[in-house]
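Q: sequence? don't have it. structure:
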């Protein structure tokens with residue numbers, strides 16, 4: 001049995017230090033060892049906020065699951081997503097996945113657990129907004145004008161991260177496109193149709209079109 005491991009950490013610093021990441025690896029390895037079967041084909045690590053549903057690395061992991069007929073394995077349910085809508089889309093992708101903290105849960109159980117997690121996230125957001133409104137009502141000025149340079153620096157880092165994630169996503173599609181081309185298929189329209197038939201989604205989780213596939217092909221095959 002093949003597995004594609006998906007790990008998520010909240011910050012780049014946490015990823016580099018290994019905080020949280022090693023615990024996830026141990027949980028995944030412990031699960032596979034307890035089953036005494038299978039191995040990890042490839043692992044993916046996403047540096048992202050748990051609140052964000054834009055997970056390009058997760059989409060890359062799902063693509064590899066389809067390509068290698070593997071099961072997606074994660075350490076904890078909240079590492080996958082705290083959003084019911086996003087989790088529902090994952091279940092519709094027809095990729096089998098297992099959560100080490102709920103190994104025997106079915107899709108309905110996981111959906112319920114995700115709903116509880118999302119409800120808690122919404123409550124935290126509401127409490128934060130209420131606290132900010134109360135502070136504003138008391139005349140407290142929110143924000144700090146001197147943080148402009150910091151914000152610009154953060155924006156620059158965010159752009160670099162997006163660029164890196166886009167490149168990683170494109171590279172994850174390269175072996176799939178090469179496999180299609182090995183059948184003698186070269187036109188973008190047919191390649192796009194084949195990718196859609198495989199259920200491959202864009203970096204933002206949308207259906208691929210000829211324009212985006214043409215861009216990906218140029219990126220991964222710069223010399224034609």
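A: Noted; the coordinates are in hand. The structure displayed is predicted, hence computed values, not measured ones.
Q: going forward, measure contacts between C-alpha atoms and count neighbours the same way
A: Fine.
Q: Would you map out the domains in the protein?
A: 2-112, 150-224 (automatic domain parsing).
Q: out of these, deepest packed?
A: Ranked by mean neighbour count, the domains of the chain are led by domain 2-112 with a mean of 17 (mean count of other CA atoms under 10 Å).
Q: Can you name the next helix or strand after the helix ranked longest in the chain?
A: Of all the elements of type helix in the chain, the one with the most residues (DSSP state H) is helix 148-181. As assigned by DSSP states H and E, the chain's next helix or strand after helix 148-181 is helix 188-197.
Q: The next helix or strand after that next one - contacts with which helices or strands?
A: As assigned by DSSP H and E, the chain's next helix or strand after helix 188-197 is helix 210-220. Packed against helix 210-220 by the contact rule (3 or more CA pairs under 8 Å, 6 or more residues apart in numbering; DSSP states H and E) you find helix 148-181, helix 188-197.
Q: quick check: angle from helix 210-220 to helix 188-197?
A: If you take axes from the mean of the first three to the mean of the last three CA atoms, to 10 degrees, helix 210-220 sits at 100 degrees to helix 188-197.
Q: Centre of the chain to helix 210-220, how far?
A: Its chain's average C-alpha position is 21 Å from that of helix 210-220, according to CA atoms, centre = their mean, to the nearest Å.
Q: Give me the angle between that helix and helix 148-181.
A: Angle of helix 210-220 versus helix 148-181, following the same axes, to 10 degrees, is 90 degrees.
Q: Centre-most residue in this protein?
A: Centroid-nearest residue in the chain, with CA atoms, centre = their mean: residue 58, separated by 2.6 Å.
Q: In terms of helices and strands, where is that residue?
A: helix 56-68.
Q: What are the contacting residues of that helix?
A: Helix 56-68 is contacted from outside by 2-6, 43-46, 70-72, 95, 165-166, 168-169, 172-173, 176, 198, 200-205, using CA atoms under 8 Å, 6 or more residues apart in numbering.
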